[in-house]
Structure formats: structure tokens, C-alpha cells
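Enquirer: All I have is the shape, not the residue letters:
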């Protein structure tokens, strides 16, 4: 059993808390704070994606279930920057006035690659939102976007996932919602260079 306490806490939401896995710096443990069907659905979907042997280059990896001092947890890849800090959500970059323009431009420049990735691997993220995506810095000139949450949804039906027509319709809807959120950001709306990067997405 893994002992967890507040010193390992990364983030706490309404339904789940995320902790650094002690002595495993590249892993985290997500713990349900209340009965949460979304976690079970999320794990089912992750296992399906693993079975399909998709690339996880823009999606955090899932490893296993584990017993902890706070109850059952699920072990995921912890996305960290080259300086050892946990990577920051895209939403925080876009809403924080102290974010550098260089960081924001790099994030926006990666969004077309994110779209290409989701469609190529046929990954449906119901809650595709800047809050659920982090900007990971490998060094000062290499980086990527990584989806860390939002895969769970109520319509888990194996039939749905094995027919591209239905799956792509869901991906289209999810992507349109996401890109609308990004384009409505005040900074993006007021900057022609950033708007141009997103205009055909």
C-alpha cells in the first residue's frame, strides 16, 4: 500500500484529487473523493486505447490501479517540465497576464498538431478543454501539449468505438467546442498572428 498525504498533493477538484506517486517522479495517483462513475469509464476507455496500440505522445499514459492510504487510486503518467515542476495547464497560460507571449504563441502553434493527433489516433475526449491540457517543456525550445483529463463519458458502448463514422462525429463535436473556447479567449481575439494560426481549425 502506498502512503499518501498533503505534501504529495498536486491538485484537488470536486470529484478527484491528484497526488505525486512517492519515489516515482514521473507518475501520479488519482483518488476519487466520492463515488465517481467517471473514473471507471475513463479506465475502460484507456484500456481500449491501449488495446488498439495508439500513440500516447499527446495523451498521459495510464498504468494501473493501486491501494493507497486514502483508498483505491489510479496510476497515470505525471507530466513534468525539464525543471522538475509539474507542467501547467493551457488555461492558466491563456488567462494569466504574466504569461510570456512566446509561451502562448508556442501553445497556439501546437494546437494544429493536437487536432491531427486526435483524428489520426481516433481519440474522443468528451471534455476537451484548456483546463484538461498541459503545456510540457522538455527544454527551452522543445515542448508538447498533453491531454491529462476529460476522457470519461456516459456513452461507453464498445459498438460506438469500432465504427469510425460514429466515433468521428463525436470527435468533430468535441473539437469544435474546444476550438471555440480557445478562439474566444481575449488575448487570441486581439492578436492577428495567433488568430491566423487557428483560422482553419
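Expert: Right, received. Where do you want to start? Computed from a prediction, not measured in an experiment: that's the story for all the values here.
Enquirer: hey, let's count contacts and neighbours off CA atoms from now on
Expert: Fine.
Enquirer: Can you give me the distance of the residue nearest the centre of the chain to residue 129?
Expert: Centroid-nearest residue in the chain, with Cα atoms, centre = their mean: residue 147, separated by 1.9 Å. When distance is defined by Cα to Cα, to the nearest Å, residue 147 is 9 Å away from residue 129.
Enquirer: Now stretch 132-146: buried residues?
Expert: Residues of stretch 132-146 classed as buried: 132-137, 143-146 (neighbour count, 16 or more other Cα atoms under 10 Å).
Enquirer: is it possible to export those to CSV including pLDDT, secondary structure and distance to residue 76?
Expert: Shown next, in CSV, are those (pLDDT from 0 to 100; DSSP: H, G, I helix; E, B strand; the rest coil; distance: Cα to Cα, whole Å):
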residue, pLDDT, secondary structure, distance to residue 76
132, 95, helix, 14
133, 98, strand, 14
134, 98, strand, 14
135, 98, strand, 17
136, 98, strand, 16
137, 97, strand, 19
143, 97, strand, 20
144, 98, strand, 18
145, 98, strand, 16
146, 98, strand, 13
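Enquirer: Adding distance to residue 36, write the residues you listed out as CSV.
Expert: Below are the buried residues of stretch 132-146 laid out as CSV (distance: Cα to Cα, whole Å):
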residue, distance to residue 36
132, 18
133, 21
134, 23
135, 27
136, 28
137, 32
143, 33
144, 30
145, 27
146, 23
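Enquirer: Now tell me which helix or strand of this protein has the poorest mean pLDDT.
Expert: Of all regular secondary-structure elements in the chain, judged by mean pLDDT, DSSP states H and E, the least confident is helix 158-161 with a mean of 64.
Enquirer: Mind listing residues that contact the helix or strand following it?
Expert: Going down the chain from helix 158-161, the next helix or strand is helix 164-183, by DSSP states H and E. Residues external to helix 164-183 that are found in contact with it (Cα atoms under 8 Å, 6 or more residues apart in numbering): 115, 118-119, 122-130, 160-161, 188-189, 195, 198, 201.
Enquirer: where along the protein do the strands fall?
Expert: Under the criterion DSSP state E, the chain carries strands at the ranges 9-12, 16-21, 24-32, 62-68, 71-77, 88-89, 133-137, 143-147.
Enquirer: quick one: low-confidence ranges for the chain?
Expert: Counting by pLDDT under 70, the chain contains low-confidence ranges at 152-162.
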